[in-house]
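In: next comes the sequence, and after it the predicted model I'd like to discuss.
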Amino acid sequence: MSQSRAGASGAPARAAAASALQQVLQHQRSLNVALPEAAQKFKLTAADKGLAQAIAFGVLRDLPTLEWLVAQLVDKPLKPKVRIVHYLLLAGLYQLRSMRTASHAAISATVDGAVLVRQQGLKGLINAVLRSYQRKQDECEAEINTASELSGNHPGWIKKRLQQRYPQSWSQIIAANQQQPPMWLRVNARHHNATSYQALLTEAGIESHSYPGLDHGLRLQQPLDVATLPGFSEGWVSVQDAAAQFAAPLLGAQPAERILDACAAPGGKSAHILEGAACELTALDIEASRLERVKDNLQRLALNATIVEADATANDWWDGELFDRILLDAPCSATGVIRRHPDIKWLRRESDIADLSDLQQTILTNLWSMLKPGGQLLYATCSVLPEENHQQITHFIDANSDAEWDELPPPPAWLAVDPLASKGWQLLPKIDGHDGFYYARLKKQQH
Ligand SMILES: C[S@@+](CC[C@H](N)C(=O)[O-])C[C@H]1O[C@@H](n2cnc3c(N)ncnc32)[C@H](O)[C@@H]1O
């Protein structure tokens, strides 16, 4: 059982967590959207927002186990119109199993949450179920520990694919997916490097770790509020996972080159490219609201790009001038970043993988015609599935006579890499380390 930090307790945080969980699990909405909506609805304070987030993330991480517990402890399933109480029960059980909140406080705040979701009449039921868990905790946990279907708390199809593809390392991937993710920083090369910024962190009493080959990246010992980072508002530093920080160096943009970042929002990799080279960057994305975040990020970092809202499968936005280099950070299953987005486990369907793979191939084919002969395209995903990665690129190279692998250098030794995905890098999520990610570089032949 993992222990999470709990801030000030309160019924609104429990009600908000339950409401967000209902949106995700019943209405297939993203937690990134559902949680802020719920926070607003229940007028959460900053501390309660943190608590609601910790509970909602935790429930989504351990969902099969918590569902199993509810099934053991509730006599008959709740009627659809009072289904919100089911989510309060999941939230309550998660707190009792995995949070440091005192049990009596967790139970009473969860019971009081029923009033806020207009289910006052079921306060007694919530109280009885949570107290019943307390009484039967040892025997319930013993059963959970021996139930193989609950081990790992992943949907069967993801677990099966990981076992098939990574027979040696699937259990480490699952363990990393269940972890609360570490916080990584990308130091803005226009102001500092990892060494000089680390000295500023140390002065501020913030412990961090540097890694060979990650010249502008640092891992914080403990996640913290960005406002406490030296120079954050001045643009000296950004939050970005280590795996994503290899995109800019592998793309290798040079000053004044014409660069396309084809799926750019929220702009982490665009900003990194511009921090390293004063190139002419076009940051394109299909989603207007996400492009607002690109604008905000570039503004904080005092960087400039041409921002285009368009579909990368089409070319109606293109002026016909070829690009020197293209970064395609493609829409994908996000199976490499489950620990940052635990809702992915329950929102993704196995059938999505083929659809995503088709979309990736369509975008890749379209962008290829916009690349200069001799130019390079860096393909990236935050997926660990070969259909979206190595197989995808192999298929593209087989189908396009002017495309060839531009083999990547060997990755730094501290990265967890799948040795079978040769020529590119298949990074696997690593405990206390980086996310799962894939990189392949293609070169367009000169004719
Ligand atoms: C993995 S995210 C990109 C993350 C970004 N590169 C960064 O580092 O901050 C994928 C992006 O692809 C965008 N996208 C999905 N389909 C697209 C399409 N057909 N054309 C352009 N962008 C698309 C999504 O809106 C999303 O922002």
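Out: That came through fine.

In: what mean pLDDT does the longest helix along the chain get?
Out: Ranked by residue count under DSSP state H, the longest helix found in the chain is helix 123-146. The average pLDDT for helix 123-146 rounds to 97.

In: name the next helix or strand downstream of that helix, please.
Out: Helices and strands here follow DSSP states H and E; after helix 123-146, the next one along the chain is helix 156-165.

In: so which elements touch that following helix?
Out: Packing partners of helix 156-165 (3 or more C-beta pairs under 8 Å, 6 or more residues apart in numbering; DSSP states H and E): helix 170-177. For every residue, glycine as well, the C-beta is placed using N, CA and C.

In: tell me which residues in the helix it packs on are buried?
Out: 170, 172-174, 176-177 (16 or more other C-beta atoms under 10 Å).

In: same check on stretch 412-426?
Out: Judged by neighbour count using 16+ other C-beta under 10 Å, the buried positions of stretch 412-426 are 415-418, 421, 424-426.

In: out of these, who's near the ligand?
Out: Contacts with the ligand are made by none of these, judged by C-beta under 6 Å from any ligand atom.

In: which parts of the stretch 151-300 of the chain sit against the ligand?
Out: Checking the stretch 151-300 of the chain against the ligand by C-beta under 6 Å from any ligand atom, the hits are 244, 263-269, 284-287, 290.

In: using PyMOL, define a selection of the buried residues within those.
Out: Applying 16+ other C-beta under 10 Å to those, the buried members can be selected in PyMOL as follows:
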select buried, resi 244+263+264+265+266+267+268+269+284+285+286
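
In: which of the residues of the stretch 151-300 of the chain next to the ligand fall within strands?
Out: Using DSSP state E, the members of these that fall in strands are 284-285.

In: quick one on the thing from earlier: could you dump the buried residues of stretch 412-426 to a markdown table with secondary structure?
Out: Listed next are the buried residues of stretch 412-426 as a markdown table, based on DSSP: H, G, I helix; E, B strand; the rest coil:
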| residue | secondary structure |
| --- | --- |
| Leu415 | coil |
| Ala416 | coil |
| Val417 | strand |
| Asp418 | coil |
| Ala421 | coil |
| Gly424 | coil |
| Trp425 | strand |
| Gln426 | strand |
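
In: so which of these is the closest to Leu63?
Out: Nearest to Leu63 among the buried residues of stretch 412-426: Ala416, at 25.3 Å, using C-beta to C-beta.

In: who touches the nearest residue to Ser401 once chain neighbours are set aside in this structure?
Out: Excluding its sequence neighbours, the residue lying closest to Ser401 (C-beta to C-beta, 6 or more residues apart in numbering) is Gln445, at 7.9 Å. Under the criterion of C-beta atoms under 8 Å, 6 or more residues apart in numbering, the neighbours of Gln445 are 373-374, 401-404.

In: now swap in Arg340 and tell me
Out: Contacts of Arg340 by C-beta under 8 Å, 6+ apart are 181, 241, 435.

In: swap the cut-off to 6 Å and go again
Out: Residues in contact with Arg340 (C-beta atoms under 6 Å, 6 or more residues apart in numbering) are Pro181.

In: element containing it?
Out: Going by DSSP H and E, Arg340 is not in any helix or strand.

In: where do the domain boundaries of this structure fall?
Out: 11-153, 184-239, 243-444 (automatic domain parsing).

In: and of these, who's closest to Gln164?
Out: domain 243-444 (9.9 Å).

In: average pLDDT across that closest one?
Out: For domain 243-444, mean pLDDT is 97.

In: how far does it stretch from start to finish?
Out: Terminal residues of domain 243-444 are spaced 25 Å apart (C-alpha to C-alpha, to the nearest Å).

In: how far away is Asn297 from Gly152?
Out: Asn297 is 35 Å from Gly152, where distance means C-beta to C-beta, to the nearest Å.

In: let me fix that: Leu122
Out: In terms of C-beta to C-beta, Leu122 sits 32 Å off from Gly152.

In: one more: Gly424?
Out: In terms of C-beta to C-beta, Gly424 sits 27 Å off from Gly152.

In: skip the chain neighbours and tell me the closest residue to the residue in the stretch 101-250 of the chain that the ligand sits nearest to.
Out: For the stretch 101-250 of the chain and the ligand, the shortest gap (C-beta to the nearest ligand atom) falls at Ala244, measuring 5.9 Å. Using C-beta to C-beta, 6+ apart and skipping residues adjacent in sequence, the residue nearest Ala244 is Gly268, 6.0 Å away.

In: what is the distance between the longest strand seen in the chain and the centre of its chain?
Out: Longest strand in the chain, counting residues (DSSP E): strand 371-381. Remark: strand 371-381 is offset 25 Å from the chain centroid, using C-alpha atoms, centre = their mean, to the nearest Å.

In: got it, and stretch 399-408?
Out: Distance of stretch 399-408 from the chain centroid (C-alpha atoms, centre = their mean) equals 29 Å.

In: ditto for stretch 368-382
Out: Relative to the centre of its chain, stretch 368-382 is centred 24 Å away, using C-alpha atoms, centre = their mean.

In: and stretch 353-367, by the same measure?
Out: For stretch 353-367, the distance to the chain centre is 21 Å (C-alpha atoms, centre = their mean).

In: quick check: buried residues in that stretch?
Out: By 16+ other C-beta under 10 Å, the buried positions in stretch 353-367 come out as 353, 356-357, 359-361, 363-364, 366-367.

In: check stretch 109-128 too.
Out: Quick answer for stretch 109-128 (16+ other C-beta under 10 Å): 109-114, 116-117, 119, 122-123, 125-127.

In: how about the residues you listed in TSV, adding distance to Lys345?
Out: Formatted as TSV, the buried residues of stretch 109-128 follow (distance: C-beta to C-beta, whole Å):
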residue	distance to Lys345
Ala109	26
Thr110	23
Val111	28
Asp112	29
Gly113	24
Ala114	27
Leu116	27
Val117	24
Gln119	27
Leu122	28
Lys123	31
Leu125	28
Ile126	25
Asn127	30
